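Undergrad: predicted model follows, preceded by the sequence.
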Amino acid sequence: MLQPSKSSPNRTTMGRTSRTFLSFSLFVLAALFAAAAPRFAFATAQQAPNSRVVLDLPAGYIPSPLFSGFQDDTTGVSYVILEAPVSEYDKMAQGFTAEELGKRGITDVEKGTLPRHDPYVYMRAVQKSEAGTYAKFFVLFRTADQTVLVSVNVPKRSLDAGSIKSEDIERVLAGAATTEKPAVRDLYALSYLGPFKEAGTIVGTSKVYTLDGRLDPDRTADARSAFMVAPSLDKRPVSDPDKLAVGLLNSLPGYKNFEAGKPNRVVIGGLDAIELKGKAVDEDDGKPIELYQALILGKDGGYFRLIGIASPQDVAQVESEFPKIAHSFSLIP
């Protein structure tokens, strides 16, 4: 089921399906890990969960329980993997510029090289977050049938102190490869989808649902309705869920003029959650959209974010369905 997603070229599947895989991935990768310590004895190659990508990682890395990739809780370093159709490579490569990355708060962008023989783009950058300042390493490469983006998040203080070395990160990225089949693992289920159909997955565990079951729209100029489930990238405790819920809704890429309603505390799948409705305007065509979000809090930290986006032509059909879909959410033991 977890095959490379079929996204459209210009926007992510979170709305009009014309936002790029790159834009969505940078949005998702905003949640980072904390901590720092040296540890780099290279071990055997590991295949990432829900992914075809194999990385030759240092000792101490484990598959993430939340996203497609690996983490070392001791060092605070994470490798996050995004897979897309091979046809997306050129469009994604064009998005790797200082200007585009700067829109996501990523600065100090510089392009580099790796000893790879396939078409690729390698860049380094810096991003500030609530968890601190992180060095970012990106390699985008193309295989015979896939486009792959591997993003690495490293606490900058560890890099500056020399406990984590750039050359070790680059060695992993230089050797990133793919296998024939993904290792499939689901974290959650939706027992009700209403008029929506599963359209694809992003970053391994984030799923997108559309009315026609496709990520590619028939007409790229039309706004499209969608529902998405995305887990946080770590299990950091959420101190102010209401504030986080509003902030996440207002950070949805590709929209502006957000109007968020009042957060409402509910229980979904046996977990505490915050429901929130809102409105926004599409940045490209100025059309209004209706938004729904359920932020489901994990018992041991982190969260699942469920987002519904209703285009003007579909509001009457889908707006009332979003809460029903969200309340059918359950964790898979």
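TA: Nice, thanks for sending it over. Just so you know, these numbers come straight off a predicted model, no measurement behind them.

Undergrad: could you report the neighbour count for Arg265?
TA: Using other C-beta atoms under 10 Å, the number of residues around Arg265 comes to 10. For glycine as for every other residue, the C-beta is placed from the backbone atoms N, C-alpha and C.

Undergrad: helix, strand or coil: sort out it for me.
TA: Following DSSP: H, G, I helix; E, B strand; the rest coil, Arg265 is assigned to strand.

Undergrad: and the nearest residue to it once chain neighbours are set aside, what element?
TA: In space, and not counting its chain neighbours, Arg265 is closest to Ile274: 6.1 Å by C-beta to C-beta, 6 or more residues apart in numbering. Assigning secondary structure by DSSP states H and E places Ile274 in strand 271-282.

Undergrad: now the helix or strand just after that strand against strand 271-282, angle please.
TA: Next helix or strand after strand 271-282 toward the C-terminus (DSSP H and E): strand 288-297. The directions of strand 288-297 and strand 271-282 differ by 160 degrees, with axes from the mean of the first three to the mean of the last three C-alpha atoms, to 10 degrees as the criterion.

Undergrad: for strand 288-297, enumerate the helices and strands it packs against.
TA: helix 241-249, strand 264-268, strand 271-282, strand 303-310, helix 321-326 (3 or more C-beta pairs under 8 Å, 6 or more residues apart in numbering; DSSP states H and E).

Undergrad: the inter-axis angle of it versus helix 241-249?
TA: Going by the same axes, to 10 degrees, strand 288-297 makes 140 degrees with helix 241-249.

Undergrad: strand 288-297 pairs with which strands, parallel or anti?
TA: With DSSP bridges as the test, strand 288-297 is paired with strand 271-282 (antiparallel), strand 303-310 (antiparallel).

Undergrad: could those go into TSV alongside mean pLDDT, mean neighbour count and distance to Pro195?
TA: Shown next, in TSV, are the strands paired with strand 288-297 (pLDDT from 0 to 100; neighbours: other C-beta atoms under 10 Å; distance: least, C-beta to C-beta, whole Å):
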stretch	mean pLDDT	mean neighbour count	distance to Pro195
strand 271-282	94	19	19
strand 303-310	93	24	11
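
Undergrad: which stretch among the ones you listed comes nearest Val154?
TA: strand 303-310 (23.6 Å; C-beta to C-beta).

Undergrad: how far off centre is the strand holding Ile274?
TA: 18 Å (C-alpha atoms, centre = their mean, to the nearest Å).

Undergrad: swap in stretch 319-331?
TA: 21 Å.

Undergrad: just the mean pLDDT for it, thanks.
TA: Per-residue pLDDT over stretch 319-331 has a mean of 96.

Undergrad: give me the contacts around it.
TA: 187-196, 209, 227, 229, 266, 268-271, 273, 275, 290, 292, 294, 296, 304, 306, 308, 310 (C-beta atoms under 8 Å, 6 or more residues apart in numbering).

Undergrad: circling back: for Pro58, which of the helices and strands packed on strand 288-297 is the nearest?
TA: Once those are compared by C-beta to C-beta, strand 303-310 is nearest, at 28.8 Å.
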